[in-house]
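Asker: Need a 3D model of the sequence below.
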Amino acid sequence: MLKYAKNLCLKISIDHHSQGLLLVLAVLFIISKAWWSLAGIFFYGIMHFQYGGSGTFQVPARANQQLATIGDLLYCLAGIGGMILIIGGLIVRVIEIIR
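Answerer: Residues are numbered from 1 along each chain as shown. Okay, the predicted model is just below:
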């Protein structure tokens with residue numbers, strides 16, 4: 001199960017060329033007052049910088065050939081929870097605007 005969590009994190013984490021997307025989304029969420037989505041960016045970012053935040057000469061902390069640990073499961077849960085918060089926060093904000 002730990003191995004699958006690590007593989008999932010590697011797949012759902014954006015690569016280092018797309019890190020600016022997190023900043024753009026954070027600014028968008030601040031402007032639109034989607035506070036839960038902003039919290040989701042934080043939790044997704046924790047996972048992202050462990051698995052996909054590498055640059056040309058960097059290796060992410062967990063995206064190597066080490067064996068999967070319970071930490072990988074926790075990072076995966078943080079990333080998935082962050083994505084749920086992002087989507088849920090946007091839905092809540094849209095509902096608030098419509099009302």
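Asker: Quick one: neighbours of Lys11, just the number.
Answerer: Lys11 has 9 neighbours, counted by other CB atoms under 10 Å. C-betas here are computed from N, CA, C, even on glycine.
Asker: no, scratch that, I was asking about Val94
Answerer: Val94: 12 surrounding residues under other CB under 10 Å.
Asker: Quick test: name the residue nearest the centre of the protein.
Answerer: Tyr44 (2.0 Å; CA atoms, centre = their mean).
Asker: Chain neighbours aside, what residue packs nearest to that residue?
Answerer: Nearest in space to Tyr44, with sequence neighbours left out and distances taken as CB to CB, 6 or more residues apart in numbering, is Gly82 at 3.2 Å.
Asker: Could you give the average pLDDT over the strand or helix carrying Leu10?
Answerer: Of the helices and strands defined by DSSP states H and E, Leu10 is found in helix 2-12. Summarised as a single mean, pLDDT over helix 2-12 is 84.
Asker: Summarise which helices and strands the following helix or strand past that helix is packed against.
Answerer: Next helix or strand after helix 2-12 toward the C-terminus (DSSP H and E): helix 19-31. If you count contacts as 3 or more CB pairs under 8 Å, 6 or more residues apart in numbering; DSSP states H and E, helix 19-31 packs onto helix 35-51.
Asker: Okay, angle between the helix it packs on and helix 2-12 too, please.
Answerer: Orientation note: helix 35-51 sits at an angle of 110 degrees relative to helix 2-12 (axes from the mean of the first three to the mean of the last three CA atoms, to 10 degrees).
Asker: For helix 35-51, which outside residues touch it?
Answerer: With CB atoms under 8 Å, 6 or more residues apart in numbering as the test, helix 35-51 has contacts from 9-10, 12-14, 19, 22, 25-26, 29-30, 60-63, 75-76, 78-79, 81-90, 92-93.
Asker: from those, which would you call buried?
Answerer: Neighbour counting by 16 or more other CB atoms under 10 Å classes 9-10, 12-13, 19, 22, 25, 29, 60, 62-63, 75-76, 78-79, 81-83, 85-86, 89-90, 93 among these as buried.
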